[in-house]
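*Asks:* Structure of the sequence below:
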Amino acid sequence: MKSSKLAIALAALLSLLSPVSAQDAGAIGQGGATTARHGMMCRAYERVDGQLAYIKTELKITAAQESQWNVFANVFRGNKEKQHQSCKVAQEQSRSMMAASLPESIKIKEDQLSEQLEALRVLDAALQPLYASLSKEQKKTADEILKGAP
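*Replies:* Below is the predicted model:
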């Protein structure tokens, strides 16, 4: 049971760090199975509150840490919503990717990566104060469940 919770938390973090790439999105038009796979990827951004509840419980956030947690949770939630929208946009762009020129395809990929980098920077800014407030045990747990360490 605990390993499945760990898998959920890891999937949550990985989905934050690795949304659909333009190359993957370009493959959507190549078949129904690929379309279904990418549809599932966009659904990975759902149930954010459940992911946050799991992480908060596992970290054993204290009342003193609540304000830092709330900042982190709000940024995490906002990033997930942006990623969900970006995933949908990537699916729409994929329909024209096959006809796009190489420079156009590179520009689309560049824009997507820039968006991902900005989201990661915003998340890092919210994570730093929370992580600094965690005890040694909580940091160990955070490292395990949010980085996928064994």
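*Asks:* confidence score at the nearest residue to Gln65 once chain neighbours are set aside?
*Replies:* Excluding its sequence neighbours, the residue lying closest to Gln65 (C-beta to C-beta, 6 or more residues apart in numbering) is Ser133, at 5.0 Å. For the C-beta atoms, the positions are set from N, CA and C on the backbone; glycine is no exception. Ser133 is assigned 97 on the pLDDT scale.
*Asks:* just use 837 as the starting number from now, easier for me
*Replies:* Got it, the first residue is 837 from now on, which makes the last one we talked about Ser969.
*Asks:* right, and Ser969 touches Gln904 too?
*Replies:* Yes - Ser969 lies in contact with Gln904 (C-beta atoms under 8 Å); the separation is 5.1 Å.
*Asks:* need the helices for this protein, in chain order.
*Replies:* For the chain, the helices defined by DSSP state H occupy 838-853, 858-862, 868-879, 884-895, 902-933, 938-969, 972-983.
*Asks:* Please identify the most buried of the ones you listed.
*Replies:* A comparison of the helices of the chain by mean neighbour count, using mean count of other C-beta atoms under 10 Å, puts helix 858-862 on top with a mean of 19.
*Asks:* and that helix, average pLDDT?
*Replies:* 41.
*Asks:* Give the residue spans of the chain that score low on pLDDT.
*Replies:* Scanning the chain for pLDDT under 70 picks out the ranges 837-877, 880-881, 984-986.
*Asks:* Got phi/psi on Met934?
*Replies:* phi -60, psi -30 (degrees, to the nearest 10).
*Asks:* what number of residues lie near it?
*Replies:* Met934 has 12 neighbouring residues, counting by other C-beta atoms under 10 Å.
*Asks:* Please report how far it lies from Lys924.
*Replies:* 18 Å (C-beta to C-beta, to the nearest Å).
*Asks:* do the same with Leu966
*Replies:* Distance, Leu966 to Lys924, by C-beta to C-beta: 29 Å.
*Asks:* Same check on Val958?
*Replies:* From Val958 to Lys924 the distance is 20 Å (C-beta to C-beta).
*Asks:* just Ile944 next, same as before
*Replies:* Distance of Ile944 to Lys924, computed by C-beta to C-beta: 14 Å.
*Asks:* Please apply the same query to Ala909.
*Replies:* Taken as C-beta to C-beta, the span from Ala909 to Lys924 is 23 Å.
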